[in-house]
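S.K.: Provide a 3D model corresponding to the input given below.
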Amino acid sequence: MTMKVGANKEYQYTLMYYGDSAFRRTSTVSELFIHDSHDPTRPTKENHNLLFTPKEDTILINAFERHFIGKLDKELEMGHTKEIK
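M.R.: Numbering: from 1, shown residues only. Predicted structure coming up:
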């Protein structure tokens, strides 16, 4: 998914659910996580395993939580829990 933030800032995310398809069909809860993220304005290399700095990680996660999860929570009239690993 590509998320536009502000007038000209975009972040790209690949999202996944925990568990296999059988678990997702029968579970009463779900967990969504960011599998991969990308800032298209950031210079990249051929190596797709280029790591973000802690500051860049924080920016990408905060933008995702504010602009996607926050709106989803509001629409569903729910809150989410933040698991720290």
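S.K.: which one is H38 nearest to, not counting chain neighbours?
M.R.: Distances taken as Cβ to Cβ, 6 or more residues apart in numbering place Q12 nearest to H38, at 4.3 Å, with adjacent residues excluded. C-beta coordinates here come from the backbone N, C-alpha and C atoms, glycine included.
S.K.: Centroid-wise, who is the farthest residue in the protein?
M.R.: Distance from the C-alpha centroid of the chain peaks at T26, with 23.8 Å (Cα atoms, centre = their mean).
S.K.: what's the pLDDT at that one?
M.R.: At T26, the model reports a pLDDT of 88.
S.K.: ok, which stretches of this protein are helices?
M.R.: Ranges of helices in the chain, per DSSP state H, are 21-26, 54-64, 70-76.
S.K.: okay, the ones you listed, which one's buried deepest?
M.R.: Highest mean neighbour count of the helices of the chain: helix 54-64, a mean of 14 (counted as mean count of other Cβ atoms under 10 Å).
S.K.: Against which helices or strands is it packed?
M.R.: Contacts defined by 3 or more Cβ pairs under 8 Å, 6 or more residues apart in numbering; DSSP states H and E place helix 54-64 against strand 2-5, strand 9-17, strand 32-38.
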